[in-house]
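>>> only geometry, no sequence info:
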């Protein structure tokens, strides 16, 4: 996907990145559920083989998304002749449907702690997410890794196509947090100046 490539090249270490652009770039993609899964898999299907290994993060209880990831990778292997260099990692959900805010907070803290060793192992150069609350712990640890200089992780958040007038809760939380917030409706870019608009992506 050219947008990920473009954002990756425009980071402060641009000159170094240009020298190694043909080398693999580890990417973590946070896969939500339902529409989020469909949109994320469309984004991932557009990436070249340079984005490898591909780490998919899904919630423990989301077996449907896990199966869809396997199907996507099988198709990529057949159509694009990509190597199956991908892994699926399962993490606790931050919040289940109808769960109270207090217990959701506890679950979120647990999920953040759970993601620490995972992100150290993945060492992602790019974190790609598009809306599910599951991405908050991943993005937080990714930011911390960059802050301490462990790995120069770039966080790219693509807002769901369903969001026309306002950012989702996840988008608002990541607004001053992610390196790039990409929206798919011009109205959102007008309302949120830090956002980037390139038309419809999914």
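Structure's in. What do you need? Keep in mind that what you see is a predicted model, and the values were worked out from it rather than measured.
>>> Give me the contacts around the longest helix along the chain.
Secondary structure of the chain read by DSSP state H shows that its longest helix is helix 101-122. Contact partners of helix 101-122, identified using CB atoms under 8 Å, 6 or more residues apart in numbering, comprise 26, 28, 55, 57, 89, 91-96, 99, 133-134, 136-138, 140-142, 145, 150. Yep, even glycine has a C-beta here, placed from its N, CA and C like the rest.
>>> could you redo the last one with a cut-off of 6 Å?
With CB atoms under 6 Å, 6 or more residues apart in numbering as the test, helix 101-122 has contacts from 28, 55, 89, 91-92, 94-95, 137-138, 140-141.
>>> which among those end up buried?
When burial is judged by neighbour count using 16 or more other CB atoms under 10 Å, the buried members of those are 28, 55, 89, 91-92, 94-95, 137-138, 140-141.
>>> what two of these have the greatest distance between them?
55 and 95 (22.4 Å; CB to CB).
>>> Neighbours of residue 165, how many?
Per other CB atoms under 10 Å, the neighbour tally for residue 165 reads 8.
>>> returning to what we had before: for the longest helix of the chain, buried residues please.
By 16+ other CB under 10 Å, the buried positions in helix 101-122 come out as 107-108, 111-112, 114-115, 118-119, 122.
>>> can you redo these as CSV with pLDDT and distance to residue 183?
Converted to CSV, the buried residues of helix 101-122 look like this (pLDDT from 0 to 100; distance: CB to CB, whole Å):
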residue, pLDDT, distance to residue 183
107, 86, 28
108, 88, 25
111, 93, 26
112, 94, 26
114, 94, 30
115, 95, 26
118, 95, 28
119, 95, 26
122, 94, 27
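>>> of the residues you listed, closest to residue 82?
Distance to residue 82 across the buried residues of helix 101-122 (CB to CB) is lowest for residue 122, with 18.5 Å.
>>> And the closest one, how close does it get to residue 53?
Residue 122 sits 8 Å away from residue 53, going by CB to CB, to the nearest Å.
>>> Equivalent analysis for residue 166, please.
Here the criterion is CB to CB. By it, residue 166 lies 35 Å from residue 53.
>>> Over to residue 82?
Computed with CB to CB, the distance linking residue 82 and residue 53 is 11 Å.
>>> do the same with residue 171
Distance from residue 171 to residue 53, by CB to CB: 27 Å.
>>> So which of these two has more stuff around it?
residue 171 (23 against 16).
>>> can I assume that one sits in a helix?
Yes: under DSSP: H, G, I helix; E, B strand; the rest coil, residue 171 falls within a helix.
>>> any idea how far it lies from residue 198?
Taking CB to CB, one finds residue 171 at 16 Å from residue 198.
>>> in the protein, which spans are strands?
Per DSSP state E, the chain carries strands over the ranges 27-30, 54-59, 86-91, 126-129, 154-158, 180-183, 196-197.
>>> All set, thanks.
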